[in-house]
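Colleague: please work out how this folds:
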Amino acid sequence: MWRLVVAWLLIGALDAVDRQNFKTCEQSGFCKRHRAVTSPTGYEVVGDSVKTNETGLHALIKNKDTTLRLSIVALKDSTVRVVIDENDGALRKRYQPLEALVDREPAQQKVKKIKEEATATKVLTTDGNRIVLQHKPFRIDFYVKDKIVSSINAKETLHFEAFKKKVLLSDREKGFWEETFKEIKDTKPHGSSSVGVDIAFVGAKHVFGIPEHAESYSLRDTRTYEPYRLYNLDVFEYETNSPMALYGSIPYLVGVHQKRSVGALWLNAAETWVDIEPTTADKGGLSKEVLDADTKPRQVPQHNARFYSESGLIDVFITLGPQPNDIFRQLAALTGVTPLPPAFALGYHQSRWNYKDQKDVKEVHDGFVKHDIPLDVLWLDIEHTDNKAYFTFDKDAFGKPEDMIKDLADKNRKLVTIVDPHIKKDSKYYIYKEAKKNKYLVKDAKDTIYEGNCWPGDSTYIDFINPKARKWWSEQFAFDKYKGTTKDVHIWNDMNEPSVFNGPEITMHKDAKHHGEFEHRDVHNVYGFHQHSSTFEGLKARSNNEVRPFVLSRSFFAGSQRTAAVWTGDNKADWAHLKQSIPMLLSLSTAGLPFVGADVGGFFGNPDEELLVRWYQAGAFQPFFRGHSHQDTKRREPWLFADNTTEAIRNAIKTRYAFLPYWYTLFYEHAKTGKPVMRPFWMEFIEDEPSWDEDRQWMVGNGLLVKPVLEEKVKELSIYLPGKRQVWYDWETHKARPSPGAVQIPAELNTIGLYHRGGTIIPKLSEVKLTTKENHEQPIILYIAVNQKGDFANGTIYLDDGESYAYEKGDFAYWGFTFKREHDYLHTITNKNLDKKGKFDSDVYIDKIVIRGAKFYPRNAHIFLDDFSPEDLEFEFNRDNFLMEIANPGAFVTREFRIDIHS
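Modeller: Modelled structure (predicted):
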């Protein structure tokens, strides 16, 4: 029977997603009930219940039906936590996904002053922000520099379904005690326990975040539309421009304002829907708070977001910015950053469902070498296993995995194998036997082992909510257990939403049982998070914490960035999905997950050669760069196409490798600051409001603007250059352009729209070898883009061994470069050690320096090295393009130098 189920799913997938397999809000009982709340729910603060302390306050709030506990706590760095839970005596404990946080209980911060009044309690934080608890009606307002920026329950929609004893069904409670979808019953033995409230972003012209959806980057008005759904699901060949739930969920939103941006993290792991309402501040309860001598409420934009979750409690973190850099730092303090990945992970990855055997793997590998195309990783999908039993190799097709892995490793390449969370039900399979014996498997509503259908057929599922099960899972990656693997094998966790082919919405039944007596409905969105986190810990432990792991996961939650990269799942080989990948990746980056990518070429279908080239060009400038495809598609190795197509793909991949010093530096800096690697325009150009919702272009770091060709058979590429009083340089021609404004360039087969931002310095390899390891000690070219004033540019570079944790003990180098006009006749280029804790002395040297926007006429140039005696430098200067090139300066990246340019 299971084979029929799988076949039916795959046949349906080849056409398009079947919407009927997935709920709408109208078909979700709790979503429908919350959306029906259109009048005030009547909550107010209970008199004399407010209790203050040195970090905030506690109180009771109630309406005619329910009394709830409220806490408001000030955290470090302009962050506030608001928790609303049932009062003492609740029938059941509500689940909190605290593992998503860096610290289960984030550090609190003493407040400066609390003032209790008859109608409100006011808290002044040491950061200079103000929190006002309005008593009647209940509302929490947040102020930055005396300007209201956010409010919880301004629309008075707080709706909290408390646990209660089962009573006779009534029309009013239809769906409260049980629900059926497509003939599958959710028994709901504890009844409904949903929660919801509105959060206002005052002054925000756009709100961004809440991935994952195949939608525009700026979230749309949902009042006459489906809400955005956050419920991790296995969606084959998903639609574009849709708020349907996909593979992962990060319930985080940011409202953007030129001076006061605000973020909100809704820490809840249950199925969640989010309604978005763009409006103005005069519509609703905040007009008095906004009104002042200079501001009329109707002129103040506002976005209201209403969150509805099926279970759990209300646990909201408000990050008060106010600037973009602050927002990303504050979110990183809560949910973490991506630790510095191994360098190979930033190279190109080649995958397919499936490479057939070891001979096939060798031929693909040798093809990349033969055709001079860089490659770092080959991937094995589910067919490499022994009949879909993970942690094994097929005895015939992959009978000598050690030889295959050694052959790759000898040529500086890695292997990634897939390990999914569904476990083949087979009494002879050691993983199943151990998990069953140790009671590490999810149970069903009747307390027997939960079974579902997935790739192996009858399958069971590891209960990753159980800490002991997570530890056991981690141990399975040890070399003596995952036989045939070495430190050069890394892991792909797929199907971990979890996917259950015969389950409701192709996932696990909500009344399944997990550790701690929680139902699956409570923990659904963190199931995959716990799998990939356990995998990461296992890979780290197998090398005695010496080798940095790489893990790719399809499912994710807030905090996933600490242990996994993610990709956008089962996309389609068409232009719409190529375009859709950009806002999807920007949304993930905005929500704190920077190591992201999309399957190049599309997973389903066969791209024509033009589309494939354009996708490689886009993917080369996205953080995770992998080609991957379905088993029913034609083979896509780059040399299987026309010569000009192969050449264009080779050029795109080599361009990626040429920028590896820049990519690696950006990931290091992300780990320090929380700033994403792939950036939306508003992060860098907050003064340029029209550019905020741009989702066809992006920034790589602060210095490189990218606009790939996204349309078929176009002759010209239009590029918007953001910012005010900025200058940009065409990467290929060096020609300067002012901003804001648009430029058009010819769209030839090898065209990638790249502009270098004035005021920045970008390191690039002078010559590209075929792996990241071979490129590790390669010389670099410094590209200096002088700012509009012509007097300054700076940039950084980070170096270490690329694979170990030695950098945590000081074996690294982090250096900065500065171009500066000292006076009208002297410009200098210097480098400086930015972190003296770093002791890594590299032999990487600067092969050439290119200065763009050199609006001076150099007479001579010389360099001062260790002995401080000047050495003359040869250079060329193009007066038409204001381009200066200094060849062979003889300077090492990690040793101080100064270059004087006299004009």
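Colleague: helices and strands of the protein: which one has the lowest mean pLDDT?
Modeller: Within the chain, no helix or strand scores below helix 2-15, which has a mean of 41 by mean pLDDT, DSSP states H and E.
Colleague: what's the helix or strand following it packed up against?
Modeller: Going down the chain from helix 2-15, the next helix or strand is helix 29-35, by DSSP states H and E. Using 3 or more CB pairs under 8 Å, 6 or more residues apart in numbering; DSSP states H and E, the elements in contact with helix 29-35 are strand 272-280, strand 301-309. Using the backbone N, CA and C atoms, a C-beta is placed for each residue, glycine as well.
Colleague: what about 10 Å?
Modeller: strand 159-160, strand 179-181, strand 195-202, strand 272-280, strand 301-309 (3 or more CB pairs under 10 Å, 6 or more residues apart in numbering; DSSP states H and E).
Colleague: and those strands as CSV, adding mean neighbour count, distance to Leu754 and mean pLDDT?
Modeller: Below are those laid out as CSV (neighbours: other CB atoms under 10 Å; distance: least, CB to CB, whole Å; pLDDT from 0 to 100):
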stretch, mean neighbour count, distance to Leu754, mean pLDDT
strand 159-160, 21, 49, 98
strand 179-181, 15, 48, 93
strand 195-202, 28, 34, 98
strand 272-280, 22, 33, 97
strand 301-309, 24, 33, 97
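Colleague: just for the stretch 401-550 of the chain, where's the confidence low?
Modeller: Low-confidence regions of the stretch 401-550 of the chain, defined here as pLDDT under 70, do not occur.
Colleague: any low-confidence regions in this structure?
Modeller: Short version for the chain, where the test is pLDDT under 70: 1-15, 168-174, 293.
Colleague: ok, the residue most central in space within it - contacts?
Modeller: In the chain, the centroid-proximal residue (CA atoms, centre = their mean) is Leu593; its distance is 2.3 Å. Contacts for Leu593 (CB atoms under 10 Å, 6 or more residues apart in numbering) come out as 211-212, 248, 250, 252, 335, 337-338, 556-562, 564-566, 585, 587, 623, 676.
Colleague: what's the ChimeraX line that selects buried ones from these?
Modeller: A single ChimeraX command selects the buried members of these (16 or more other CB atoms under 10 Å):
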select :211,212,248,250,252,335,337,338,556,557,558,559,560,561,562,564,565,566,585,587,623,676
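Colleague: alpha carbons only: can I get the helix or strand encompassing Thr645 in PDB?
Modeller: Using DSSP H and E, Thr645 sits within helix 643-658. Output of helix 643-658 as PDB, limited to C-alpha atoms (Å, rounded to 0.1, in the frame of the first residue of the first chain):
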ATOM      1  CA  ASP A 643      29.800  24.800 -25.300                       C
ATOM      2  CA  ASN A 644      28.700  28.400 -24.700                       C
ATOM      3  CA  THR A 645      26.300  27.200 -21.900                       C
ATOM      4  CA  THR A 646      29.100  25.200 -20.300                       C
ATOM      5  CA  GLU A 647      31.400  28.200 -20.500                       C
ATOM      6  CA  ALA A 648      28.800  30.500 -18.900                       C
ATOM      7  CA  ILE A 649      28.200  28.000 -16.100                       C
ATOM      8  CA  ARG A 650      32.000  27.600 -15.600                       C
ATOM      9  CA  ASN A 651      32.400  31.400 -15.500                       C
ATOM     10  CA  ALA A 652      29.600  31.700 -12.900                       C
ATOM     11  CA  ILE A 653      31.100  29.100 -10.600                       C
ATOM     12  CA  LYS A 654      34.600  30.600 -11.000                       C
ATOM     13  CA  THR A 655      33.200  34.000 -10.200                       C
ATOM     14  CA  ARG A 656      31.800  32.500  -6.900                       C
ATOM     15  CA  TYR A 657      35.200  31.100  -6.100                       C
ATOM     16  CA  ALA A 658      37.000  34.300  -6.900                       C
END
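Colleague: what residues of the helix or strand following that helix count as buried?
Modeller: Following helix 643-658 in sequence order, the next helix or strand is helix 660-673 (DSSP H and E). For helix 660-673, a neighbour-count test (16+ other CB under 10 Å) marks Leu660, Pro661, Tyr662, Trp663, Tyr664, Thr665, Leu666, Phe667, Tyr668, Glu669, His670, Ala671 as buried.
Colleague: strands paired with the longest strand anywhere in the chain, and their directions?
Modeller: For the chain, the strand with the greatest residue count under DSSP state E is strand 716-730. Strand pairing for strand 716-730, using DSSP bridges, gives strand 736-746 (antiparallel), strand 753-757 (antiparallel).
Colleague: for that strand, the distance to its chain's centre please.
Modeller: Chain-centre distance of strand 716-730: 26 Å, with CA atoms, centre = their mean, to the nearest Å.
Colleague: how about stretch 411-423?
Modeller: 21 Å.
Colleague: send the alpha carbons of that stretch over as PDB?
Modeller: Backbone C-alpha positions of stretch 411-423 (Å, rounded to 0.1, in the frame of the first residue of the first chain) are rendered in PDB as follows:
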ATOM      1  CA  LYS A 411      41.500  15.700  -4.200                       C
ATOM      2  CA  ASN A 412      40.400  18.100  -1.500                       C
ATOM      3  CA  ARG A 413      36.700  17.400  -1.900                       C
ATOM      4  CA  LYS A 414      33.900  16.300   0.500                       C
ATOM      5  CA  LEU A 415      30.900  14.000   0.500                       C
ATOM      6  CA  VAL A 416      27.400  14.800   1.900                       C
ATOM      7  CA  THR A 417      25.000  11.900   2.700                       C
ATOM      8  CA  ILE A 418      21.400  12.200   3.500                       C
ATOM      9  CA  VAL A 419      20.000  11.100   6.900                       C
ATOM     10  CA  ASP A 420      16.200  11.600   7.400                       C
ATOM     11  CA  PRO A 421      14.300  11.300  10.700                       C
ATOM     12  CA  HIS A 422      11.900   8.500   9.600                       C
ATOM     13  CA  ILE A 423      13.200   5.100  10.600                       C
END
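Colleague: would you map the strands across the stretch 551-700 of the chain?
Modeller: Assigned by DSSP state E, counting those that start in this stretch, the strands in the stretch 551-700 of the chain fall at 551-553, 565-567, 596-597, 599-600, 625-627, 678-679, 698-700.
Colleague: and the closest residue to Ile780 other than its chain neighbours, what does it touch?
Modeller: Once flanking residues are discounted, Ile780 sits nearest to Pro763: 4.7 Å by CB to CB, 6 or more residues apart in numbering. Each residue near Pro763 by CB under 10 Å, 6+ apart is listed here: 659-662, 664-665, 780-783, 795-799, 815, 817, 844, 846, 893.
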